[in-house]
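Q: With the sequence up front, the predicted model follows.
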Amino acid sequence: MSKINVAIIGVGNCASSLVQGVHYYKDAKDDEFVPGLMHVNLGGYHIRDINFVAAFDIDSNKVGKDLGEAIYTPPNNTFEFCKVPKTGVTVHRGMVHDGLGKYLSTIIKKAPGSTADIVGILKETKTDVVISYLPVGSEEATRWYMEQVLQAGCGLINCIPVFICREKYWQDRFAEKGLPIIGDDIKSQVGATITHRVLTKLFRDRGVKLEHTYQLNFGGNTDFYNMLERERLESKKISKTNAVTSQLDYEMNPDDVHVGPSDYVPWLKDRKYCHIKMEGRTFGDVPLILDMKLEVWDSPNSAGVVIDAVRCCKLALDHGLKGTLIGPAAYFMKSSPIQYTDDEARKMVEDFISKYGVSSTPGKGKKKVTS
């Protein structure tokens, strides 16, 4: 199998955890358990087959640096679990548009000069898959980058809650170009949304009528700082709320559901605290109340999911699949075009890998029959 050439838009904490993770697990054995990954070898692609070839950012502290250095540059403040050597990939000056909000502009200085030739760089580096890690609320910047990705002919992993992959317009645009997309808004390995979803499904499966629920999140990374600008939160709240309520077979009054970020606490750095409360009725209309607190390092919590998504996207490219990949989107993302339970979605991804992948078992390297 060939390498997977990957470009990153936005060299923040999430990119840092992703790049660290690929280096950290590059020598993992195929049968080894790696936390956060479905498989070390997914459909014939090992973790080390992810090859970073381009990166884009607007921060003057990062543009012009090697990717292996830029991922540790402030305001990045995530957990450093691996020292990445120089990669040979220089961070290019990206497009700003609405990517630099009111609060971020107080700590990030826009790099001088003009926007790099994004399409030319993606073509020159033979990029297979582009990962978008733009800040929440970057509606204009996201749409601008989508045009560059389409023109360059790359697959897409949209990790942010700006709706692309679930919208028919963009589905059709990528399908017309014969390109696969997975999105929108990455789910963490075990984060606030996936935990809230599973608990909501548990309530429904066990016959508890969920009547009120909230999910409050706060942390100290630039994502939370950026989201102090409430105008940028609309799509994020829609994404997280729908991911939870989709697990019910009845409608809840919007006033009875609150899901979203609440505040920024600088000293927490990339740690995220989540508080979930669920109030329901059991047999005999007897009250049941669940209170839960979850603490995670936010960015490493999603990096393994992105590694799996990238490899699924490359399998789709290998087989000429186009448009939104429904199974991978449902399992890896909060706002997929069609919502399934996580058990159903995981099975869909395993079936996808089985159908389009190459076995890593010795003597079984033949491609499976595809439709």
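A: Received the coordinates, thanks.

Q: C-alpha from now on. contacts and neighbour counts both.
A: Will do.

Q: where do the helices sit along this protein?
A: Listed in chain order, the helices of the chain (DSSP state H) span 13-24, 67-70, 118-124, 139-152, 168-176, 192-205, 222-226, 234-245, 300-318, 326-332, 342-356.

Q: buried set for the fifth one?
A: Right, helix 168-176. Neighbour counts over helix 168-176 (16 or more other CA atoms under 10 Å) mark 170-175 as buried.

Q: how distant is it from the center of its chain?
A: With CA atoms, centre = their mean, to the nearest Å as the basis, helix 168-176 stands 20 Å off its chain's centre.

Q: ok, V96 - contacts?
A: The neighbours of V96, taking CA atoms under 8 Å, 6 or more residues apart in numbering as the test, are 58, 141.

Q: 52 is where my numbering starts, stick with that
A: All set: I'll call the first residue 52, so the last point we hit is now V147.

Q: Can you say which of the helices of the chain is nearest to T333?
A: helix 243-256 (9.4 Å; CA to CA).

Q: tell me the angle of the closest one relative to helix 285-296?
A: Counting by axes from the mean of the first three to the mean of the last three CA atoms, to 10 degrees, helix 243-256 lies at 30 degrees to helix 285-296.

Q: Give me the angle between helix 243-256 and helix 393-407.
A: Helix 243-256 and helix 393-407 are oriented at 110 degrees to each other (the same axes, to 10 degrees).

Q: so what does helix 243-256 touch, helix or strand wise?
A: Counting contacts by 3 or more CA pairs under 8 Å, 6 or more residues apart in numbering; DSSP states H and E, helix 243-256 is packed against strand 260-270, helix 285-296.

Q: Dump that helix to CSV, keeping only the CA atoms.
A: The C-alpha coordinates for helix 243-256 follow below in CSV (Å, rounded to 0.1, in the frame of the first residue of the first chain):
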residue,chain,number,x,y,z
ALA,A,243,-18.5,14.9,26.2
THR,A,244,-20.7,14.3,23.2
ILE,A,245,-20.0,10.5,22.8
THR,A,246,-20.6,10.0,26.5
HIS,A,247,-23.8,12.0,26.5
ARG,A,248,-25.0,10.1,23.4
VAL,A,249,-24.4,6.7,25.0
LEU,A,250,-26.1,7.7,28.2
THR,A,251,-29.1,9.1,26.3
LYS,A,252,-29.4,5.8,24.3
LEU,A,253,-29.1,3.9,27.6
PHE,A,254,-32.0,5.9,29.1
ARG,A,255,-34.1,5.1,26.0
ASP,A,256,-33.2,1.4,25.8
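
Q: Buried residues in that helix, which are they?
A: Along helix 243-256, these residues count as buried under the neighbour rule (16+ other CA under 10 Å): 243-252, 254-255.

Q: what's the angle from it to strand 260-270?
A: Using the same axes, to 10 degrees, one finds that helix 243-256 and strand 260-270 are set 170 degrees apart in direction.

Q: which outside residues touch helix 243-256?
A: Residues contacting helix 243-256 (CA under 8 Å, 6+ apart): 238-239, 260-261, 266, 268, 291, 294-296, 298-299, 325, 327, 345, 385, 392-393.

Q: Return the distance of that helix from the chain's centre.
A: Helix 243-256 sits 20 Å away from the centroid of its parent chain (CA atoms, centre = their mean).

Q: and if you look at stretch 146-166?
A: On the basis of CA atoms, centre = their mean, stretch 146-166 sits 22 Å off its chain's mean C-alpha point.

Q: so how far does it reach from one end to the other?
A: By CA to CA, to the nearest Å, the extent of stretch 146-166 from end to end equals 5 Å.

Q: Give me the buried positions along it.
A: For stretch 146-166, the neighbour count (16+ other CA under 10 Å) marks 146-147, 149-152, 155, 159, 161-162 as buried.

Q: on that earlier part again, tell me the most buried of the helices of the chain?
A: With neighbours defined as mean count of other CA atoms under 10 Å, the helices of the chain peak in mean count at helix 377-383, which reaches a mean of 26.

Q: so what secondary structure elements neighbour that helix?
A: If you count contacts as 3+ CA pairs under 8 Å, 6+ apart, helix 377-383 packs onto strand 231-233, helix 351-369, helix 393-407.
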